[in-house]
Every structure is written in C-alpha cells, then in structure tokens.
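could you look at this predicted model? Sequence included:
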2 protein chains.
Amino acid sequence: MTREVQLIGISNAIVDILAHVDDPFLNSIGAPRGSMTLIDEEKARDIYQRMGPATEMSGGSVANTIAGFANLGGDAAYIGRVRDDQFGDIFVHDMRSLGVDVRLDPAQDGAPTARSHVLISSDGQRTMQTYLGACTELGVADVTTETVGQARVILLEGYVWDIPEGPALAAQAIAIGRATGAKVALSLSDSFCVERHEEAFMAAVIDGVDIVFADEDEVMALYKVDSLDAVLAAIQGTTTLFVITCAAQGSVIVHGGEAVVQDAIPISEIIDTTGAGDAYTAAFLYGWTAGEPLAECARLGTWCATAVIQKLGARLEKGILDDYASAKF
Amino acid sequence: MTREVQLIGISNAIVDILAHVDDPFLNSIGAPRGSMTLIDEEKARDIYQRMGPATEMSGGSVANTIAGFANLGGDAAYIGRVRDDQFGDIFVHDMRSLGVDVRLDPAQDGAPTARSHVLISSDGQRTMQTYLGACTELGVADVTTETVGQARVILLEGYVWDIPEGPALAAQAIAIGRATGAKVALSLSDSFCVERHEEAFMAAVIDGVDIVFADEDEVMALYKVDSLDAVLAAIQGTTTLFVITCAAQGSVIVHGGEAVVQDAIPISEIIDTTGAGDAYTAAFLYGWTAGEPLAECARLGTWCATAVIQKLGARLEKGILDDYASAKF
C-alpha cells in the first residue's frame, strides 16, 4: 500500500556537478552565459574533461523542492529515474535520508544517471549544461495509481516535457490527480523551456493544472507578453492559482479575484541564487498543504528563498524556520 | 619519458562525502568527535545509508596539497590508486583539470574508489570515517623510477603506512629519491596515525626523510613528549627540516641550528579548518622549491592556510596569492 503524503514530485532526477569557470571557457563550449542547454553524453564527457575540479551533489528543480519540503517537516514522495550507478546511489540516498518516500528504485539498465554541469561565473551567474541520461527513460509505466498513490499535491516541472514520454506521463499524472482529488501543480522550469513547450503548457494550465509556479520571465513567455501587468490581465479570468516570483521585487499570488503581493526581504549580499524558486515553492506548498492563507504561504516562501540565496547550494536545509515566527518583514 | 616536476605526491586517493551531523548520530556509529577512523566497506555502506544528504568532492591530505601546489602555479604529479568507477573518474578529473600529471590510470578491477565520510558537527568540528577501498591496493609495483620520475620533492603521507604495501612502497620512494636527488617529505597525517606507526616514522625520519610536516600533536606523538619545547629540544641535533604548525599560535620551522617562528594571521571567524595543514604544506613547498628562504616559505604557508580556513572545503583555490604581496602580517 502506497504511503499517503502531502506532496509528491515527478521530475528529472539529476546530480549537479558544480565548477567555477571563466567566460572564455563558456565561449569555448558554445554556452551562452546563464543558459540551460540539454546536451548528449559525448558533449557531457567533453565538458567534464575540460572543466575544472568539481563538487557533486543531488539537484534537479522539483527534486530540490521535494527535499526542501521534507526539511521543513512536510511528508513528501518522489518519482524520478536514476540508474544503479554511484550518482544514482547519491541521489536516492540524499532523498531517502530526508525522509522522502522514493517510489522508484534505481534502474538496472539503460542510460547512466543524469548530471547537470553547473558552471559558476565569478559574479555568481550559473550556466547549466545538462545530460538527461536515465531521466529520458522515465515513462508512463512509472506513473501509476500505485506509484503516485494519494497526495494533496502532485508537483510536475516543465522539464518533464523535454523527455520522450514526458507529455504522456504528465497527462497521466493529471488524470490520477483528478481521480484521487489531488491538486496538480506545475513549476515552469525556465523561460526557454516554456518557449519549447508553450502550447502544451497552456493547454495544461487551461485544463488540468491547478497551481502554476513561475518567475516573471516564465509567465511572460507562457502568455507571450512583455510585462507582468499584461500577464496579470491575462490570468484574471482563470481559476488557476498563480504563484509568480519577481526576484528583488518580491512575489505576487493570484487566485481568481484574489491577489496577494509579498515584498522581498532586503539583504546585503546574495551568495548564490540557485534554488531560490525551488525553495519558495517548497515553503509555499508547505504552508498551503497545512491550510494557511495565501499571504502566509507567500511569506513562508519568501523567508525560505531568502535563506537559500544567502548560502552556496540550492537546497533548503533543516531548521530554516527556527527564527521565522519572530522575524519582522 | 616521465615529465620532470617540482613536486610529486604519493598518497591515498579519496573522495570526500561531506554531511552535517549531530552528536547522537556520532554516538550511534561509535565515532568519537574529531576522530579519523578506518572502516570496512560494510560499515561504509551502513554509515552512508544512515547519514543525511551529502556533497561529494575530491579529497585526501597529500592529494589536497598536490592540488593546492598546482593551483599556486607549481608543476606537480600524483601517484594514488582509484578504481574506474564514477568516484575514480571524479578524482582523476579533478587532479588533471588542475594540470597535475596523474601517473596511474584508474584500475579496471579490485576494490571501489576510497571514500571518506566527513561528518561535520554544528560547531564545525569534523569526524572522519574512511573506507580505503582501492587505496589499499596501491603497491610497490606502482612506485617505480618510471612512475616517480624526476622531482625536486617526493611527498608522502603517514596514512600510506596504513595500507598493506605502504611501508615497502614508502621505502621504495625514499630509495628513488636518494637515487634521483629528490628530497623526500613526510606529512604526519594525524596523531593517531603517528601512534600506529611511530617506530616506522621515527626510523624514516632518522634515515631517508628530509622534511617533516606536522602539527604540534603529531610531532609530540612522534617524540612521545608532551610539550612543543620538548620536541624542539629533541630535534635540535637532526638535519631533518621540521615544519610544525600550531594552529592559532602560528608555526615554527627548524632546520639544524636555524629556527624560524611565524605568527598566525588573526582572523575574526573560522569557517572550516579542514585542509589548513595541507594548504600550508602546499604553499611552503611552493616557496621552498622556488628557492625561497625558510621565513618566506613559512609566510606563504601561513597566508594560504588562513585563506583555506575562511571558506568551506579543504582545497586551496587559484588566485590565492593575488593580494599576498601587499599584505601586512
């Protein structure tokens, strides 16, 4: 019997390989600064061979959110595909050690566990070159009433649409959500991803997705407009809950007629913005699944995103809410 | 033809698995706080399974020194054994990407690449549980005139004596050093290691080792005395160069009649002391192989060790000497 959880994530299971690089290196591999590019195994091998010494840790956008949700004290599960190699072991170990119910065991065959080369420039900007490997073999057969089970929220990421059976397994997840009464949330991943799958995402938002997590760029790409105001006008009539983060400008939550604006917390120094959105999503959903009002969910999200950008690494750590109750913001 | 280098390291090639732990966790695995314990594969699997999410990066004491020496701009080579698994790939990649001439390719068979579980307490103290794996298979056959080649300094670590052929391959390295005119340096690793091999180390220091790198505890363990003054008295008559680090008390260099005292640089906050000694050794040898006087070598070592303890992670990064020339200390 599958354990009932508050949140289940379905996404690309990736090990991050972090290294510091300079601009000539990015030029030499043809990677625009700040971009996220999908690469094949040969290119992955080439980049790895030429890049400097690296640090490896579990990553992946929705996987980060699931890890953060578990660290906040939430009950979470995860569906993603890794191979039974050392990187796959790392990934599954890290999720399980947080108490996440990992629903799929590492695959005995197929492509190696996915890795994302996270290339950090001296100003902190990150360029990602991702080899999806085993992720591409996640299929419809992995997303069943048995593996998904009963959850308050099923969280998908836009990157899932980049894999062959992604659109089909996302549709299946939405159908399971409908059948079990789970809300379906979609994190839009990045604006290039939105451009790749804009029609499919729009169809999903119109019919099936209950909550959208996005930053300004992503939601503007989805609605093909060039301002947040135009987005807000476009979504006014929908029943979908939109959670839109705007970096230093804070965030705005729109649900039918209701709108909540949450200011960012001013900080003196940003160490590393990676994972800020994932942390926001984790904390927002932590509040939301506990029945908190939208304003409190936004406040929780802001607090946790702020904590993540003041340290190196994408993941939300335990104890993040220790000073939350007494904080003035 | 083997490339001529300034420094070659022979040591245990280890991937560090870093995780934050609390005291009950350390108690549950029977690990005294701050200790370094050798464990078998089963225990390694057990600890990994029970520990929290982790970060993986190349490590190993002398390997850290070799990496730091290369990052300072020195020409370095390395002999250590890894398996051809993902951790072995990481290790070899990281060293080669720094320009280090890695003399042994990953082994096609045998034990998996070594890993050290670096368990970090909330106050920053580190407890290490190390599975030596492939390291234990480093043998006399790997240390030849061909693999060692011509170097100014051959650097060994005390931990080498923990592996079956360690004493024999260390003797061979000393013989090759004598034959090629290379100086042989020994880093004493830790005081427990010194206690395990005190007689062998003393014999090596009396005959064969030209330079000893140690902290206070290690050198007191070697001479079985309980004060630094007693150590200084004991080593007065030897021709061996002693480089002794004393944490916040600075360092003292003794060579025959000459003694140099170098104060530590006062800092407001220590982030992570791991690798401080390795960085000191790297920078000291960088100066020494360039013909700098002992006082300047000590000053370089102090500068680099200070940089390493003000960041997370053991390794000395590129550009560390950028502000060195103008620094007042």
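Alright, I've got the coordinates. Treat the numbers as computed from the prediction; the structure is a model and nothing was measured. Residues are numbered from 1 along each chain as shown, chains lettered A, B, ... in the order given.

quick one: the helices in the stretch 201-329 of chain A?
A:216-223, A:228-235, A:276-289, A:294-309 (DSSP state H, counting those that start in this stretch).

and residue B:61, which of those is closest to it?
helix A:294-309 (32.2 Å; CB to CB). Any C-beta I mention is one placed from the backbone N, CA and C, and that applies to glycine too.

follow-up on the earlier one: out of the helices of the stretch 201-329 of chain A, the one nearest residue A:181 is which?
Comparing those by their distance to residue A:181 (CB to CB), the top pick is helix A:276-289, with 13.2 Å.

against which helices or strands is the closest one packed?
Under the contact definition 3 or more CB pairs under 8 Å, 6 or more residues apart in numbering or on different chains; DSSP states H and E, helix A:276-289 sits against strand A:5-10, helix A:61-71, strand A:151-157, strand A:183-187, strand A:211-215, strand A:241-245, helix A:294-309.

chain center to the longest one, what's the gap?
It refers to helix A:294-309. Computed by CA atoms, centre = their mean, to the nearest Å, the separation of helix A:294-309 from the middle of its chain amounts to 15 Å.

next, the buried residues of it.
Neighbour counts over helix A:294-309 (16 or more other CB atoms under 10 Å in any protein chain shown) mark A:294, A:296-309 as buried.

and it, what does it pack against?
Partner elements for helix A:294-309 (3+ CB pairs under 8 Å, 6+ apart): strand A:241-245, strand A:251-255, strand A:258-262, helix A:276-289.

okay, the ones you listed, which one's buried deepest?
helix A:276-289 (a mean of 28; mean count of other CB atoms under 10 Å in any protein chain shown).

quick check: mean pLDDT across that helix?
For helix A:276-289, the mean per-residue pLDDT is 96.

how far off strand A:211-215 does it point, in degrees?
150 degrees (axes from the mean of the first three to the mean of the last three CA atoms, to 10 degrees).

kindly calculate the angle that helix A:276-289 makes with strand A:151-157.
160 degrees.

any idea how far residue A:294 is from the nearest residue to residue A:242 once chain neighbours are set aside?
Distances taken as CB to CB, 6 or more residues apart in numbering or on different chains put residue A:254 closest to residue A:242, at 4.5 Å, once the chain neighbours are dropped. Residue A:254 sits 9 Å away from residue A:294, taking CB to CB, to the nearest Å as the criterion.

overlap in contacts of those two?
Residues touching both residue A:254 and residue A:294 (CB atoms under 8 Å, 6 or more residues apart in numbering or on different chains): residue A:260.

quick one: closest of the helices and strands packed on helix A:294-309 to residue A:187.
helix A:276-289 (5.9 Å).

and the closest one, how far from the chain's centre?
10 Å.

between that helix and strand A:183-187, how many degrees?
170 degrees.

enumerate every residue touching the closest residue to chain B within the stretch 151-300 of chain A.
Of all residues in the stretch 151-300 of chain A, residue A:271 sits closest to chain B, at 11.2 Å by CB to the nearest CB. Residues in contact with residue A:271 (CB under 8 Å, 6+ apart) are A:124, A:309, A:310, A:311, A:312.

compare those residues and tell me which is most surrounded.
Of all the contacts of residue A:271, residue A:309 has the most neighbours under the rule other CB atoms under 10 Å in any protein chain shown, reaching 19 neighbours.

tell me who's in contact with the closest residue to residue A:243 other than its chain neighbours.
Excluding the flanking residues, the one nearest residue A:243 by CB to CB, 6+ apart is residue A:213, at 5.0 Å. Residue A:213 makes contact with A:185, A:186, A:187, A:188, A:243, A:245, A:277, A:280, A:281, A:284, according to CB under 8 Å, 6+ apart.

make CSV out of those residues and add distance to residue A:136.
Output for the contacts of residue A:213, formatted as CSV (distance: CB to CB, whole Å):
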residue, distance to residue A:136
A:185, 23
A:186, 20
A:187, 19
A:188, 20
A:243, 28
A:245, 28
A:277, 24
A:280, 28
A:281, 24
A:284, 29
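
out of those, the closest to residue B:6 would be?
Nearest to residue B:6 among the contacts of residue A:213, with distances taken as CB to CB, is residue A:277, at 46.6 Å.

which parts of the stretch 151-300 of chain A sit against chain B?
Contact residues, the stretch 151-300 of chain A versus chain B (CB under 8 Å from any CB of the partner chain): none.

dump the residue contacts of the closest residue to residue A:163 other than its chain neighbours.
Leaving out its chain neighbours, the residue that sits closest to residue A:163 by CB to CB, 6+ apart is residue A:136, at 4.8 Å. Residues in contact with residue A:136 (CB under 8 Å, 6+ apart) are A:111, A:163, A:164.

equivalent analysis for residue A:46, please.
residue A:29.

so it belongs to a helix, correct?
Yes. Assessed by DSSP: H, G, I helix; E, B strand; the rest coil, residue A:46 belongs to a helix.

and it, what's its pLDDT?
The model's pLDDT for residue A:46 equals 93.

ok, it to residue A:31 distance?
Using CB to CB, residue A:46 is found at 12 Å from residue A:31.

where in chain A is pLDDT low?
Residues of chain A meeting the criterion pLDDT under 70: A:312.

does residue A:164 sit in a helix, a strand or a coil?
coil.

and the closest residue to it other than its chain neighbours, helix, strand or coil?
Among residues not flanking residue A:164 along the chain, residue A:136 sits closest, at 6.2 Å (CB to CB, 6+ apart). Three-state assignment for residue A:136 (three-state DSSP): helix.

near chain B, which residues of the stretch 1-150 of chain A?
When proximity is defined as CB under 8 Å from any CB, the stretch 1-150 of chain A approaches chain B at A:20, A:48-58, A:67, A:85-87, A:90, A:93-95, A:97-98.

which of the residues you listed count as buried?
A:20, A:48, A:51-58, A:67, A:85-87, A:90, A:93-95, A:97-98.

now, which of these lie within strands?
A:20, A:55, A:56, A:57, A:58 (DSSP state E).

thought residue A:13 was touching residue A:89?
No. Taking contacts as CB atoms under 8 Å, residue A:13 lies outside contact range of residue A:89: 11.9 Å.

show me which of the contacts of residue A:271 is closest to chain B.
Distance to chain B, by CB to the nearest CB, is smallest for residue A:312 among the contacts of residue A:271, at 7.4 Å.
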